[in-house]
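Return a 3D structure for these sequence lines:
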Amino acid sequence: MKKILLLVAGLVFSCNSAQKTVDKQSEPSNVSADPVAYAETITQDELKEHLYIYASDEFEGRETGTPGQKKAVEYLKSQYETLDIPAAKEDGDYFQKVPLEVAKVPEGNIMINGNVFELGADALTFTEAVGTFTDIVYAGYGVETETYSDYKGLNVSGKLVLIKSGEPVNANSTYVVSGTEEKSVWSNMSEALGKKSNLAVEKGAVGVLYFDVQNFARYKSYFDFMKTNKAGKMSLREEASDSFMVLLSEKSATALKEDIQTDNTPKTITTDIVLNATSGNEEVHSENVVAILKGSEKPNEYVVVSSHLDHIGVTADGQINNGADDDGSGSVALLEIAEAFKKAAEAGEGPKRSIVFLHVTGEEKGLLGSKYYTDYEPVVPLAQTVANLNIDMIGRIDPKRVGDRNYIYLIGSDKLSTELHNLSEEINKKYTNIEFDYKYNDENDPNRFYYRSDHYNFAKNNIPIIFYFNGTHADYHRPGDTPDKINYDLLENRTRLVFYTAWEVANRENKVIVDKAIE
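As a prediction, the model looks like this:
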């Protein structure tokens, strides 16, 4: 799973898993076909055999673009070839190239009216930011809706724009955007920064200065980590831009505008600011792995089951972060789900809709592989994608749940489709009897898990999703996340749950209804 702080090919391994047989039927069955026999091909032993390979030291923590990640994608490819499940791409290639680049950690400073503020202390940026400016546009909160705009009367084209966190409030303490006491997305710490800075750039700003005490603290930790490990921020090459964003501390922000915390009125500020943050970019080559099992009756409608194939690699002192739970557990679960569907197809009871098995890269770098898939090169049409079931960490127990282990956190099942949520509940009661914990589904959850794994790139495109998650633990993003600590009985039952749910979504007569679409 991605941290909330927005930070070969020749070697093919094969897993000689014991192949259980299912009695083959001569004629295709109807939708009432019993999936239990196929679910039972998902076993602890096979999951364990896969995971001890996939999360071994040989794979070196599977960091995006490294030789270890290349071994991981070759392993996944070899398993689909063994199962005789074809590539989803028309050219027969299991690999979807994801063009990435990594920016070296910027060095330098910014100068405000002759005062120097060093990067990493009172200013943060993750890309190059260079230039001299005298007129800065202060856009207040940087909010714009159909009925309100901080940009009214402002021309920001070619200008440097200063924005602060938060949103406008009425005299009666209600929020202008919502008209109620409820904050809007413009106050959301995880979303507002990108939403506001993107808006400024869309209006022609060459760069954004952003004052947000909370975000500065969390991004400073990320900046320090990157600098210590000599790692830069990775991004999609398609999203490379000449614009930049600089986060300001309270010290640098008040040096630029002394009353920034109390003055909400947009205006042009005359001041001297010099940005001297230099960097450079390097290309990174990585890939998603995408396989497909064609539907028997509705082959042009798709259920995408996903997991991320990457992890965080090797620490500066040489320790390997194996990522057995994050997300080795999801990766091997996906392989077993694929095998179960393939067995059904061989028995003449294959899914009515097509099942896409999607292993994405770059999740730990900012959901990059799934974003490339949804925003730039969908292998199957998004308009025909019925649902996304995303698996990210399902092999361990949250310390808060010790002694109460038969659970799974479900996130997002009701965000877009009430029908998918109800279906999920019914399938669980019928087959697996796992306690569904919706703790992290709360919109006010400070962890913001809904926005932190690959399902989100489907959800933002109005595709119903379910995110399966066991919660974090002491070994999260640490070398201790090893295969010997996985609870394989839980991994088996949770994997079967995803299979049963995918089975129902794929075989029901009608697509699940989206009744809460994002506008």
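
From here on, just use CA atoms for contacts and neighbour counts.
Will do.

and the longest helix for this protein?
Scanning the chain for the helix with the most residues, using DSSP state H, yields helix 488-507.

Show me what counts as buried in that helix.
Buried positions in helix 488-507, judged by neighbour count with 16 or more other CA atoms under 10 Å: 488, 490-507.

And for stretch 509-518?
511-512, 514.

mean confidence score for it?
Regarding stretch 509-518, the rounded mean pLDDT is 93.

Could you number the chain from 25 rather than 1 from now on?
Yes, from this point I'll number from 25; that puts the last item at stretch 533-542.

Show me what the residue nearest to His479 when sequence neighbours are not counted is bridged to.
Closest residue to His479 apart from its sequence neighbours, by CA to CA, 6 or more residues apart in numbering: Asn414 at 5.6 Å. Beta bridges link Asn414 to Ser330, Phe491 when assigned by DSSP bridges.

distance of Asn414 from Tyr475?
12 Å (CA to CA, to the nearest Å).

between these two, who's got more neighbours?
Legend: neighbour count by other CA atoms under 10 Å for Asn414 and Tyr475, higher for Asn414 (27 against 18).

chain center to the longest helix of the chain: distance?
21 Å (CA atoms, centre = their mean, to the nearest Å).

which secondary structure elements does it contact?
The contact analysis (3 or more CA pairs under 8 Å, 6 or more residues apart in numbering; DSSP states H and E) places helix 512-531 against helix 60-63, helix 68-78, strand 322-332, helix 354-370, strand 377-384, strand 409-415, helix 442-455.

what's that helix in contact with?
For helix 512-531, the external contacting residues (CA atoms under 8 Å, 6 or more residues apart in numbering) are 55, 59, 63-64, 66-68, 71-72, 326-327, 329, 353, 357-358, 360-361, 364, 375-379, 411, 413, 418-420, 430, 432, 447-448, 451-452, 455-456, 458, 535-536.

now that helix against strand 377-384, angle please.
Per axes from the mean of the first three to the mean of the last three CA atoms, to 10 degrees, the angle that helix 512-531 makes with strand 377-384 is 130 degrees.

now helix 512-531 against helix 442-455, angle please.
Interaxial angle, helix 512-531 versus helix 442-455 (the same axes, to 10 degrees): 130 degrees.

how far off helix 68-78 does helix 512-531 point, in degrees?
Per the same axes, to 10 degrees, the angle that helix 512-531 makes with helix 68-78 is 100 degrees.

hang on, isn't Leu358 packed against Val329?
Yes. The pair Leu358 / Val329 is scored as a contact, 7.3 Å apart, by CA atoms under 8 Å.

Find residues that contact each of the two.
Common neighbours of Leu358 and Val329, using CA under 8 Å, 6+ apart, are Phe381.

can you give me the end-to-end distance of stretch 473-492?
Per CA to CA, the first residue of stretch 473-492 is 11 Å away from its last.

Please disregard the earlier target; I meant stretch 125-142.
25 Å.

Please apply the same query to stretch 183-197.
32 Å.

now do stretch 497-515
16 Å.

How about stretch 500-514?
18 Å.

Same check on stretch 337-347?
End-to-end distance (CA to CA), stretch 337-347: 9 Å.

what residues does that stretch touch?
Counting by CA under 8 Å, 6+ apart, 79-81, 83-87, 253, 335-336, 501-506 sit against stretch 337-347.

Just the buried subset of these, written out for ChimeraX, thanks.
Only the buried entries of the contacts of stretch 337-347 go into this ChimeraX selection, using 16+ other CA under 10 Å:
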select :79,80,81,83,84,85,86,87,335,336,501,502,503,504,505,506
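
Low-confidence stretches in the stretch 275-424 of the chain?
With pLDDT under 70 as the threshold, the stretch 275-424 of the chain has no low-confidence stretch at all.

Note down every partner strand of the strand or helix carrying Glu142 and its orientation.
For Glu142, the enclosing helix or strand under DSSP states H and E is strand 139-142. Paired strands of strand 139-142, with direction, are strand 131-136 (antiparallel) (DSSP bridges).

Name the residues that touch the partner strand?
140-143, 147, 276, 279-280, 295-303.

Repeat that for stretch 473-482.
Counting by CA under 8 Å, 6+ apart, 25-28, 330-332, 387, 391, 394-395, 398, 412-414, 416, 435-436, 464-465, 488-491 sit against stretch 473-482.

again, only this time at 6 Å
Residues from elsewhere that reach stretch 473-482 (CA atoms under 6 Å, 6 or more residues apart in numbering): 26, 391, 394-395, 414.

Any buried residues in it, and which?
Quick answer for stretch 473-482 (16+ other CA under 10 Å): 473-482.

quick one: terminal-to-terminal distance for it?
Using CA to CA, the two ends of stretch 473-482 sit 15 Å apart.

again, but for stretch 449-467
20 Å.

For Gly166, which residues are in contact?
By CA under 6 Å, 6+ apart, the contact set of Gly166 is 174, 187, 220.

In terms of distance to Val237, which of these ranks first?
Ile187 (12.3 Å; CA to CA).

Same question for stretch 328-348: list its buried residues.
For stretch 328-348, the neighbour count (16+ other CA under 10 Å) marks 328-338, 344-348 as buried.

if we look at the sheet, which residues does the nearest residue to Leu260 once chain neighbours are set aside bridge to?
Leaving aside its sequence neighbours, Leu260 sits nearest to Leu124 (CA to CA, 6+ apart; 4.5 Å). In this entry, Leu124 is beta-bridged to Leu260, Val308, by DSSP bridges.

Export the buried residues of stretch 533-542 as CSV, with columns for distance to Glu191.
Shown next, in CSV, are the buried residues of stretch 533-542 (distance: CA to CA, whole Å):
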residue, distance to Glu191
Lys535, 38
Val536, 36
Val538, 30
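
Which of those residues sits closest to Met269?
Closest to Met269, out of all of the buried residues of stretch 533-542 and judged by CA to CA, is Val538, at 35.6 Å.

Correct me if wrong, but the closest one is in a strand.
No. Using DSSP: H, G, I helix; E, B strand; the rest coil, the assignment for Val538 is coil, not a strand.

Is it possible to mark the buried ones in the contacts of helix 512-531?
55, 59, 63, 66-68, 71-72, 326-327, 329, 353, 357-358, 360-361, 364, 375-379, 411, 413, 418-420, 430, 432, 447-448, 451-452, 455-456, 458, 535-536.

Okay, and which of the contacts of stretch 473-482 map to helices?
Judged by DSSP H, these include 394-395 as members of helices.

Can you select the buried ones from the contacts of stretch 473-482 in PyMOL?
Selecting only the buried entries of the contacts of stretch 473-482 in PyMOL, with 16+ other CA under 10 Å as the criterion:
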select buried, resi 26+391+394+395+414
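
so which of the contacts of stretch 473-482 comes closest to Lys244?
Nearest to Lys244 out of the contacts of stretch 473-482 is Lys26 (CA to CA; 17.0 Å).

Could you pull out the helices in this structure for me?
Taking DSSP H as the test, the helices found in the chain are 60-63, 68-78, 91-107, 213-226, 237-252, 274-280, 354-370, 392-399, 442-455, 479-483, 512-531.

Many thanks, I have nothing further to ask.
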